[in-house]
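Trainee: need a structure here:
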Amino acid sequence: MKSIHLVKSYIKEFSNLKELTLCIKKFLAVKDLNSPYQGGLSSYGVVIMIVAYMNFFSLQQAWVYISQLLIHFLKFYGLKFDETKVGILVNRGG
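Mentor: Predicted structure coming up:
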């Protein structure tokens, strides 16, 4: 599948992607938001959101603590991102 190859290429390109994805997936699982069939987010959706976030802030190979990435990711999508006005694009800088 193309999505598997895409995610593998993102893992190579973006430092901390795998670790941040696991943190967010665990957070979503604790809140019962990890099933797209029940209104939650899929793993692929989480990866795409993280890649778009990291592209937007040019964090591809930046050395940053996972805790800082997690907090800023949650602030960005929870407080600043207005889904009624913008979308997520991963191939042109976020």
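Trainee: residues contacting stretch 53-71, please?
Mentor: 13-17, 19-20, 23-24, 72-73, 76-77, 90, 93-94 (C-beta atoms under 8 Å, 6 or more residues apart in numbering). Yep, even glycine has a C-beta here, placed from its N, CA and C like the rest.
Trainee: mind listing what's buried in stretch 32-50?
Mentor: For stretch 32-50, a neighbour-count test (16 or more other C-beta atoms under 10 Å) marks Asn34, Leu41, Ser43, Val46, Val47, Ile48, Met49, Ile50 as buried.
Trainee: where's the last one, which helix or strand?
Mentor: Assigned by DSSP states H and E, Ile50 falls within helix 43-56.
Trainee: picking that back up, with distance to Glu83 and pLDDT added, can I get the buried residues of stretch 32-50 in JSON lines?
Mentor: Converted to JSON lines, the buried residues of stretch 32-50 look like this (distance: C-beta to C-beta, whole Å; pLDDT from 0 to 100):
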{"residue": "Asn34", "distance to Glu83": "19", "pLDDT": "91"}
{"residue": "Leu41", "distance to Glu83": "13", "pLDDT": "93"}
{"residue": "Ser43", "distance to Glu83": "20", "pLDDT": "93"}
{"residue": "Val46", "distance to Glu83": "15", "pLDDT": "95"}
{"residue": "Val47", "distance to Glu83": "18", "pLDDT": "95"}
{"residue": "Ile48", "distance to Glu83": "14", "pLDDT": "93"}
{"residue": "Met49", "distance to Glu83": "11", "pLDDT": "94"}
{"residue": "Ile50", "distance to Glu83": "16", "pLDDT": "95"}
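Trainee: show me which of those residues is closest to Val7.
Mentor: For those, the closest approach to Val7 (C-beta to C-beta) belongs to Val47, at 5.5 Å.
Trainee: show me the contacts for that closest one.
Mentor: Applying C-beta under 8 Å, 6+ apart, the residues contacting Val47 are Val7, Tyr10, Leu17, Thr21.
Trainee: what's the lowest-mean-pLDDT helix or strand in the chain in contact with?
Mentor: Every helix and strand in the chain was compared by mean pLDDT, DSSP states H and E; the lowest is helix 2-13, with a mean of 91. Contact with helix 2-13 is made by Leu17, Lys18, Tyr44, Val47, Val51, Gln60, as judged by C-beta under 8 Å, 6+ apart.
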